[in-house]
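Asker: predicted coordinates and the sequence they were generated for:
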Amino acid sequence: MVGVVVGVGRPEVLREVVRVFWAARSSGFSDEAAAGVAGFSEGTASRIVRQHGGVDPSIEPACGRFLSFDERELIAVWRAQGCGMREIGRRLGRSPSTISRELDRNIRNGGRRPYLASTAQSRAQKQARRPKARKLAVNTALALYVAGMLSCRERLSPEQISARLRIDFPDDESMRISPETIYQCIYIQGRGGLRAELAAALRTGRAVRQPNRRPGMRRPRVPKELLISERPAEADDRAVPGHWEGDLIIGTPGTGAIGTLVERTSRFVMLLHLPHGHTGEQVLAAIQDTLPTLPEVLRRSLTWDQGAEMVGIHERVKIATGADVYFCDPHSPWQRGTNENTNGLLRQYFPKGMDLTAVTREELDYAAAGLNGRLRKTLGWKTPAQALQHILEESAA
């Protein structure tokens, strides 16, 4: 059994309750929320996390051969009712000698103090702890090597150290350690063989491990009312023109970019020139130079992914263009299928891996003209330029 001490003089938290806390924390709940799920205070949660360095101790359910807390509570109730050891054992399905040893261990002062389930459970958890020494605590040479690699000029990560050991000591199997063991030896003090200060050498600099948040648990990047599900139905069936999809294609080494705007009804493409970067301000300036050149009837909405470049400027885009801005759900590129297809066609002009910082406005115009002059089966073998021209003629009539 594994117990959890939350402080000197405090009773131990039940292992079953602690398991609930760690399961909730690993699922993405904050420490405060996980404490609420487990049913104890935020202070207790904080002490438990510090004690284990944020590392889930992987507490297994108690083996059936040991008494559980629920069984101890029943023993306390039935003992107070005057039941004998044989009767209690029969009701629990346990040997009378098991009940006898349990009571002998936990009734004190000659029987003047009654048997308490919480006290008995706490003592059982303390006596059952047999912490296994970590590998770095018993292998001094390995501990010195790992500590040196963590604090050296290169500041190797635990994964890099684990790989480096196989290179530096190819024939010495004792000089092997997994990245996870290194992390735990840093985070769980008193069991690791590494100094707590070495946590500062990690890339994160954290002294306590933070759980990974599941995608469903993270804070939404955009308000619900701006998600694609709130976009007008007329944009979905492409019957009404003026609804656009937007995205970026990024070049190598990642500084230059090209913005793509595609009108859903006509498939007409407009390209944004972003040779010097794709921050929110740069994308905003490019959209202001491009989309307002069209009539207002063709500026109804713009749908983008949840990239940081648009999340921070969507209100200013709406003011500058008159188009409502909507966002796709996270990791859902198919919700901008027209734009994704256009990006694939554009890669024929600007292949992946290309440095887009050197692309000129003239080259973009050439590529846009090529895409807009391309016959499209979905348009009845018309070109996007012809389809847009037909829309403009109908709106002017």
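Answerer: Received, thanks. Residues are numbered from 1 along each chain as shown.
Asker: elements contacting the host helix or strand of Ala286?
Answerer: In this assignment (DSSP states H and E), Ala286 forms part of helix 280-290. In terms of contacts (3 or more C-beta pairs under 8 Å, 6 or more residues apart in numbering; DSSP states H and E), helix 280-290 is packed against strand 257-263, strand 269-274, helix 308-311, helix 314-321. Every residue, glycine included, has its C-beta placed from N, CA and C.
Asker: residue ranges in the stretch 1-150 of the chain under the pLDDT threshold?
Answerer: Scanning the stretch 1-150 of the chain for pLDDT under 70 picks out 1-16, 28, 52-64, 108-112, 125, 127-133.
Asker: picking that back up, given the helix or strand following the helix holding Ala286, what are its sheet partners and their directions?
Answerer: Later in the chain than helix 280-290, the nearest helix or strand by DSSP H and E is strand 301-304. Partners of strand 301-304 in the sheet, by DSSP bridges, are strand 243-250 (parallel), strand 324-327 (parallel).
Asker: and the ones you listed: which comes nearest Thr338?
Answerer: Nearest to Thr338 among the strands paired with strand 301-304 is strand 243-250 (5.4 Å), distances taken as C-beta to C-beta.
Asker: now do the buried residues in stretch 37-51.
Answerer: Neighbour-count burial for stretch 37-51, with 16 or more other C-beta atoms under 10 Å as criterion, is recorded at Ala38, Phe40, Thr44, Ala45, Arg47, Ile48, Val49, Gln51.
Asker: need the residues you listed in a markdown table (columns: secondary structure).
Answerer: What follows is the buried residues of stretch 37-51, written out as a markdown table (DSSP: H, G, I helix; E, B strand; the rest coil):
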| residue | secondary structure |
| --- | --- |
| Ala38 | helix |
| Phe40 | coil |
| Thr44 | helix |
| Ala45 | helix |
| Arg47 | helix |
| Ile48 | helix |
| Val49 | helix |
| Gln51 | helix |
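Asker: would a markdown table of the strands paired with strand 301-304 with mean neighbour count and distance to Thr119 be doable?
Answerer: Formatted as a markdown table, the entries for these read as follows, by neighbours: other C-beta atoms under 10 Å; distance: least, C-beta to C-beta, whole Å:
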| stretch | mean neighbour count | distance to Thr119 |
| --- | --- | --- |
| strand 243-250 | 23 | 63 |
| strand 324-327 | 22 | 56 |
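Asker: mind putting those strands into a markdown table with mean pLDDT?
Answerer: Output for these, formatted as a markdown table (pLDDT from 0 to 100):
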| stretch | mean pLDDT |
| --- | --- |
| strand 243-250 | 94 |
| strand 324-327 | 94 |
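Asker: can you pull up the bridge partners for the nearest residue to Pro232 once chain neighbours are set aside?
Answerer: With C-beta to C-beta, 6 or more residues apart in numbering as the criterion, Pro232 has its nearest non-adjacent residue at 7.0 Å, and that residue is Ser301. According to DSSP bridges, the residues that bridge with Ser301 are His243, Asp324.
Asker: go ahead and confirm Ser301 touches Ala323.
Answerer: Yes: between Ser301 and Ala323 a contact is recorded at 5.5 Å, counting by C-beta atoms under 8 Å.
Asker: what touches both of those two?
Answerer: Between them, Ser301 and Ala323 have Gly242, Trp244 as joint contacts when contacts are counted by C-beta atoms under 8 Å, 6 or more residues apart in numbering.
Asker: among the strands paired with strand 301-304, which comes closest to Ser118?
Answerer: For the strands paired with strand 301-304, the distance to Ser118 is smallest for strand 324-327, at 51.5 Å, taking C-beta to C-beta.
Asker: what is the mean pLDDT for whichever helix or strand comes after the closest one?
Answerer: Towards the C-terminus, the helix or strand next in line after strand 324-327, according to DSSP H and E, is helix 337-346. The average pLDDT within helix 337-346 is 92.
Asker: the residue nearest to Pro232: neighbouring residues, count only.
Answerer: When neighbours are defined as other C-beta atoms under 10 Å, Ser301 has 22 of them.
Asker: if I look at it, how far off is Leu346?
Answerer: Distance check for Ser301 against Leu346: by C-beta to C-beta, to the nearest Å, it reads 22 Å.
Asker: then Ala367?
Answerer: 6 Å.
Asker: hey, what's in contact with both of those two?
Answerer: Leu271.
Asker: skipping adjacent residues, who's closest to Arg347 in space?
Answerer: On the basis of C-beta to C-beta, 6+ apart, the spatially nearest residue to Arg347 that is not a chain neighbour turns out to be Ile249, at 7.3 Å.
Asker: what's the answer for Met270, then?
Answerer: Going by C-beta to C-beta, 6+ apart, Met270 has Leu261 as its nearest residue, at 4.4 Å.
Asker: next: Gln335.
Answerer: For Gln335, the closest residue by C-beta to C-beta, 6+ apart turns out to be Cys328, at 4.3 Å.
Asker: from what I can see that neighbour touches Met310, true?
Answerer: No: with contact defined as C-beta under 8 Å, Cys328 does not reach Met310; the gap is 10.5 Å.
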